[in-house]
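Chemist: Here is my input, please return the structure:
(one chain, ligands or ions: 1)
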Amino acid sequence: MMENKVFLSFTFYSTILILKMYVVAIITGQVRLRKKAFANPEDALRNGGLQFCREDPDVQRCLRAHRNDMENIFPFLFLGAIYSLLDPSPTVARIHFLLFCVGRIIHTFAYLLCLRAPTRSVAYGLAQLPCFSMALQILLATTPYCLTTARCRATCLKKPAGILYPAHRAWIHLLDTLLGLLESLKCWHKTGGLQTQFSPKGQSSPYATNT
Ligand SMILES: N[C@@H](CCC(=O)N[C@@H](CS)C(=O)NCC(=O)O)C(=O)O
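Modeler: This is a model prediction of the structure:
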């Protein structure tokens, strides 16, 4: 793991973001104390009385910021980890992680400090871009395997005499078309596209089989 620069970079930015979430949780607790707005009767009783077991707009804001972090940072932890395994360019990967991290930090500031719209939305959109890019690259890397498996299954469903049903033939043709499309995308990738490899270096296409 320590030799995988991309994974180290991912671990660094992920940890920063997890610490950021902890900070939001601490701020929520402080706002509860300052505004006397507790979530549980026992907390309210300890801090002045049951009447303080209530909601407060500032506490709600902190909770929404935290929830939005969970909606976005948790998927990033998955996407970033898998993306790191695809052997992308370390520089491109770092740009992905940095963009997400900066976007999420600005989002939190914008939310907690009630910054003027559309600051928060722009930060949200900025952070979503690398996530969509990583998701797309993961799909490009994994879809050939799934399609090849489907194709193998389809060819195994031959009639005893070795003849293919017309529906099977059409299905195999569709899978071949999709695989060809992915092969073209792969070439585009290698000639300066998204810089991620689909299969280990030097290995021929895994789906170059005959019908
Ligand atoms: N669950 C979100 C989905 C869309 C989203 O995350 N929007 C961003 C940019 S407008 C946001 O900050 N939403 C506020 C929030 O989740 O509390 C929502 O309800 O708004």
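Chemist: ok, and for stretch 133-149, which residues are buried?
Modeler: Applying a neighbour-count criterion of 16 or more other CB atoms under 10 Å, the buried positions in stretch 133-149 are Ser133, Met134, Gln137, Ile138, Leu140, Ala141, Thr143, Pro144, Leu147, Thr148. In short, each C-beta sits where N, CA and C put it, glycine included.
Chemist: how close does the first one get to Val31?
Modeler: In this structure, Ser133 and Val31 are 35 Å apart, going by CB to CB, to the nearest Å.
Chemist: Tyr83: what's it in contact with?
Modeler: With contact taken as CB atoms under 8 Å, 6 or more residues apart in numbering, Tyr83 is in contact with Val6, Phe10, Ala93, His96, Met134, Gln137, Ile138.
Chemist: which bits of this structure sit near the ligand?
Modeler: In this structure, the chain approaches the ligand at residues Arg64, Asn68, Glu71, Arg120, Ser121, Tyr124, judged by CB under 6 Å from any ligand atom.
Chemist: Could I have the PyMOL command that selects the buried members from these?
Modeler: To isolate the buried subset of those in PyMOL, counting by 16+ other CB under 10 Å, use the following:
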select buried, resi 68+120+124
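Chemist: low pLDDT regions in the chain?
Modeler: 1-2, 157-162, 189-190, 192-211 (pLDDT under 70).
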